[in-house]
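Participant: Quick one: sequence plus predicted model below, questions after.
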Amino acid sequence: MALLNIINVPDPLLKTISDPVAQVDDELRRLMDNMLETMYAAPGIGLAAIQVAVPRRVIVIDTEGDEKMRKPRFLVNPEVTWESEEYNVYNEGCLSVPEHYAEVERPASVKVKYLDYDGKQHEELMDGLLATCVQHEIDHLNGVVFIDYLSKLRRNMIVKKVQKATRDMAVL
Ligand code: GNR
Ligand code: NI
């Protein structure tokens, strides 16, 4: 396995709409394995392929947050088929927007259709942190980052800070 480089805002790749996966094969499984390792190392609770510069509709999620109780999930071509009328607010972060957090409102529960690690189809009701996370990841597949829900002023401020921090990093 290998650690992949996570790109940060304002990389234009984060605005691209990712392509559907035609088939779940060994090459895709290798990508998913590397994404999972990268997510755990970051550490994060979710990762979309576009965050490692691969424009394909693949996400990995593990909301357990406990190294001994890992529950990795692999979702290929995920689609929301139902969302609750009830909304939740969560203080979200993103590995592509390091060290910045903001409250985002999303449906409290969603039904998601997807293919798993073996290419088998599922439809699953998700709620709590998992529902927030899966919607955050599906947004990435559509070129949307959580700061896009904030005011232009706040978003521009965050992007400038991340850009500077990323530059300072590269210099060291
Ligand atoms: O690690 C992450 N934590 C998180 C917290 C609240 C809502 C969403 C997330 S996902 C984020 C990892 C990430 O950037 N995934 O795209
Ligand atoms: Ni993110």
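Facilitator: Sure thing, it's come through. Ligands and ions are numbered 1, 2, ... in the order given.
Participant: how many other residues sit next to the residue in the chain that ligand 1 sits nearest to?
Facilitator: In the chain, the residue that lies nearest ligand 1 is residue 44 (3.1 Å; Cβ to the nearest ligand atom). Just so you know, the C-beta spots here come from the backbone N, C-alpha and C atoms, and that holds for glycine as well. Residue neighbour count, defined by other Cβ atoms under 10 Å, stands at 20 for residue 44.
Participant: which residues are contacting the strand of greatest length in the chain?
Facilitator: Secondary structure assigned by DSSP state E gives strand 73-83 as the longest strand of the chain. Strand 73-83 has contacts (Cβ atoms under 8 Å, 6 or more residues apart in numbering) with 20-21, 24, 28, 32, 36, 57-62, 107, 109-117, 119, 123, 134-135, 137-138, 141.
Participant: got it, and stretch 52-72?
Facilitator: Counting by Cβ under 8 Å, 6+ apart, residues outside stretch 52-72 touching it are 4-7, 13, 16-21, 28, 31-32, 34-36, 38-40, 45-49, 73-78, 128-130, 133-134, 137-138, 140-141.
Participant: re earlier: in helices, which of the contacts of strand 73-83 appear?
Facilitator: Counted as lying in helices by DSSP state H, out of those, are 28, 32, 36, 134-135, 137-138, 141.
Participant: check the residues you listed against ligand 1, which are close?
Facilitator: Among the ones in helices among the contacts of strand 73-83, proximity to ligand 1 is found for residue 137 (Cβ under 6 Å from any ligand atom).
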